[in-house]
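Trainee: Sequence first, then the predicted structure, then my questions.
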Amino acid sequence: MNALAVNKIFLFFHSYGLKYERELIEEWINNDLRKGTDASHQISEDYIYWFNDWLRWKGTAYEAGIDDQTKINRLHEEICALKKEIENLQREKEALEEQLGIPPF
């Protein structure tokens, strides 16, 4: 993808009030731009939806094009983070029950 197309998409996104970095847009274009789409021609609102979809999954286990080991590692990290969140919520719940005078079961 040439720099002119990257700049054109960058300016199009900014015209909609989206303030993304040029490098992020360039990465998206190089890695995930829909096949058969030529950014040197007409750019539509579909590009915004495609970019947002790509960005939502970037860095997660569901990112397109990552290998299985990376996917497993990311899922493991997510599971560990969720377990910690559950522990914190349990402690918070117990503290609130204690404040209200609700006996533990």
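Mentor: Ah, there it is.

Trainee: Residue 25: which element?
Mentor: Per DSSP states H and E: residue 25 is located in helix 22-32.

Trainee: what separates that helix from the chain centre, distance-wise?
Mentor: Distance of helix 22-32 from its chain centroid, counting by CA atoms, centre = their mean, to the nearest Å, is 14 Å.

Trainee: and if you look at stretch 73-82?
Mentor: 15 Å.

Trainee: which helix is the longest one in this structure?
Mentor: helix 68-100 (DSSP state H).

Trainee: Of all the residues in it, which ones are buried?
Mentor: Using 16 or more other CB atoms under 10 Å as the test for burial, helix 68-100 gives residue 74. Bear in mind the C-beta positions are built from the backbone N, C-alpha and C, glycine included.

Trainee: next one: stretch 17-25
Mentor: Those would be residue 25, for stretch 17-25 by 16+ other CB under 10 Å.

Trainee: Run the chain-centre distance for it.
Mentor: 14 Å.

Trainee: same question, stretch 15-27
Mentor: Stretch 15-27 sits 14 Å away from the centroid of its parent chain (CA atoms, centre = their mean).

Trainee: C-alpha coordinates for stretch 18-33, PDB please?
Mentor: The C-alpha coordinates for stretch 18-33 follow below in PDB (Å, rounded to 0.1, in the frame of the first residue of the first chain):
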ATOM      1  CA  LEU A  18     -11.400   9.600  14.500                       C
ATOM      2  CA  LYS A  19      -7.900  10.400  15.800                       C
ATOM      3  CA  TYR A  20      -5.900   7.300  15.100                       C
ATOM      4  CA  GLU A  21      -2.200   7.300  14.600                       C
ATOM      5  CA  ARG A  22      -1.000   7.000  11.000                       C
ATOM      6  CA  GLU A  23       1.200   3.900  11.900                       C
ATOM      7  CA  LEU A  24      -1.800   2.100  13.300                       C
ATOM      8  CA  ILE A  25      -3.800   2.700  10.100                       C
ATOM      9  CA  GLU A  26      -0.800   1.600   8.000                       C
ATOM     10  CA  GLU A  27      -0.500  -1.600  10.000                       C
ATOM     11  CA  TRP A  28      -4.200  -2.300   9.400                       C
ATOM     12  CA  ILE A  29      -3.900  -1.600   5.700                       C
ATOM     13  CA  ASN A  30      -0.900  -3.900   5.400                       C
ATOM     14  CA  ASN A  31      -2.300  -6.700   7.500                       C
ATOM     15  CA  ASP A  32      -6.100  -6.700   7.200                       C
ATOM     16  CA  LEU A  33      -7.500  -4.500   4.500                       C
END
